[in-house]
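Participant: Okay, here's the prediction I keep looking at, along with the sequence it came from:
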Amino acid sequence: MNTTPASPAEIRKAPFIAGPLDIEKDWIDYNGHLNMAYYNVLFDRGSDRAFDALGIGAAYAKERQLTIYTAEVHVCYVQELHLGDRVMVSFQLLDHDEKRIRVYQEIRHADGWLAASSESLSLHVDMTGPKVVAFPADIQANLEAMRTAHAALPMPERAGRAIGIRRKQG
């Protein structure tokens, strides 16, 4: 895990990209493709890399006793992944306030096609409580720098989706 301080260039990558990442043998289910749980592992690995760049990764939790907890996540599975596939995971900071971050991610095959998307809302937590608390000023500055860079990106079409069953009229 990268524990070096964030660089301005890393924070301003728009979107932030982690990878390439490999699909592991134990992640393949009895249907012969990536089990749904491991899409979340890939999203998490992409988030970990972005969180390191923002200064809120593993070292932050260990040294400052502050961390990120996921409050809500919405995953769309678009196309199957298989053993031997390599992927890239994007991270786009859509919004943040003093205690929360809203992120959109995509897993794309190395060939460029979309495998899955994820939108999440996470909370900044003081691990000694645990309780939700405001980000420290240095982290708030990093988040604002990333948000500013990512504001130039279009709002992802899949962001803000809701789950429901559409009924035919009539």
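Facilitator: Sure, I can see it. Numbering: from 1, shown residues only.
Participant: now the strands: where do they sit in this structure?
Facilitator: Listed in chain order, the strands of the chain (DSSP state E) span residues 16-22, 66-77, 86-96, 100-109, 114-126, 131-132.
Participant: and those strands as a markdown table, adding distance to Glu157?
Facilitator: C-beta here means a position set from N, CA and C on the backbone, and glycine is covered the same way. Supplementary listing: the strands of the chain in a markdown table, determined by distance: least, C-beta to C-beta, whole Å:
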| stretch | distance to Glu157 |
| --- | --- |
| strand 16-22 | 19 |
| strand 66-77 | 11 |
| strand 86-96 | 12 |
| strand 100-109 | 10 |
| strand 114-126 | 9 |
| strand 131-132 | 30 |
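Participant: In CSV, list those strands along with mean neighbour count.
Facilitator: Below are the strands of the chain laid out as CSV (neighbours: other C-beta atoms under 10 Å):
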stretch, mean neighbour count
strand 16-22, 18
strand 66-77, 15
strand 86-96, 21
strand 100-109, 22
strand 114-126, 20
strand 131-132, 12
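Participant: And these: which comes nearest Ala9?
Facilitator: Ranking the strands of the chain by proximity to Ala9 (C-beta to C-beta) places strand 16-22 first, at 11.0 Å.
Participant: In CSV, could you pull the C-alpha coordinates for the closest one?
Facilitator: Output of strand 16-22 as CSV, limited to C-alpha atoms (Å, rounded to 0.1, in the frame of the first residue of the first chain):
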residue,chain,number,x,y,z
PHE,A,16,-8.1,9.1,-11.2
ILE,A,17,-7.2,5.7,-12.6
ALA,A,18,-5.9,2.6,-10.8
GLY,A,19,-4.5,-0.4,-12.6
PRO,A,20,-4.0,-2.4,-14.5
LEU,A,21,-5.5,-5.0,-12.1
ASP,A,22,-5.7,-8.7,-12.7
